[in-house]
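**Student:** Need coordinates for the below:
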Amino acid sequence: QVQLVESGGGLVQAGGSLRLSCAASGRTFSRYNMGWFRQAPEKEREFVAAISRSGGSTHSADSVKGRFTISRDNAKNTVYLQMNSLKPEDTAVYYCAADRNYWSNGALKELYDYWGQGTQVTVSS
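**Tutor:** Residues are numbered from 1 along each chain as shown. Take a look at the predicted model:
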């Protein structure tokens, strides 16, 4: 069992930056691929970025490439999402998730076993 707690969300102006963190409980964090997803009002939850167990592989949605960077620190049981050049369309609740499966690209939310409660990101124009 893994418990995930996101933090770092907030209100920011367009063009600004935020760094989200997701802290995981337990001693097995390094066994999980990790992903970030987001859900805007009345929209489906969508993939943002994912990172493999070791951090050696990452994958991002086209909509955030060049602006968002996912990273992890296995010693701190934490995964991060650095978000730069934020746009109003990035407004959503951001969720982190943990996946025990073999690494593919991390984009399928159905593969994830554990989810956090989410953190709100609001980008004003």
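**Student:** rest of the way, CA atoms for contacts and neighbours
**Tutor:** Fine.
**Student:** How about the secondary structure of the residue most central in space within the chain?
**Tutor:** Computing the C-alpha centroid of the chain and ranking residues by C-alpha atoms, centre = their mean puts residue 36 first, at 2.2 Å. Under the three-state scheme (DSSP: H, G, I helix; E, B strand; the rest coil), residue 36 adopts strand.
**Student:** List the beta-bridge partners for residue 121.
**Tutor:** Beta-bridge pairing of residue 121 under DSSP bridges involves residue 10, residue 92.
**Student:** Tell me, how many residues neighbour it?
**Tutor:** Neighbours of residue 121 under the rule other C-alpha atoms under 10 Å: 22.
**Student:** which residues touch residue 49?
**Tutor:** With contact set as C-alpha atoms under 8 Å, 6 or more residues apart in numbering, residue 49 has these partners: 35, 36, 37, 58, 59, 60, 61, 69, 70, 106, 107.
**Student:** and the gap between the first one and residue 42?
**Tutor:** Shown here: residue 35 relative to residue 42, a distance of 21 Å by C-alpha to C-alpha, to the nearest Å.
**Student:** can you check the fourth one too?
**Tutor:** Summarising the geometry, the distance separating residue 58 from residue 42, computed by C-alpha to C-alpha, is 28 Å.
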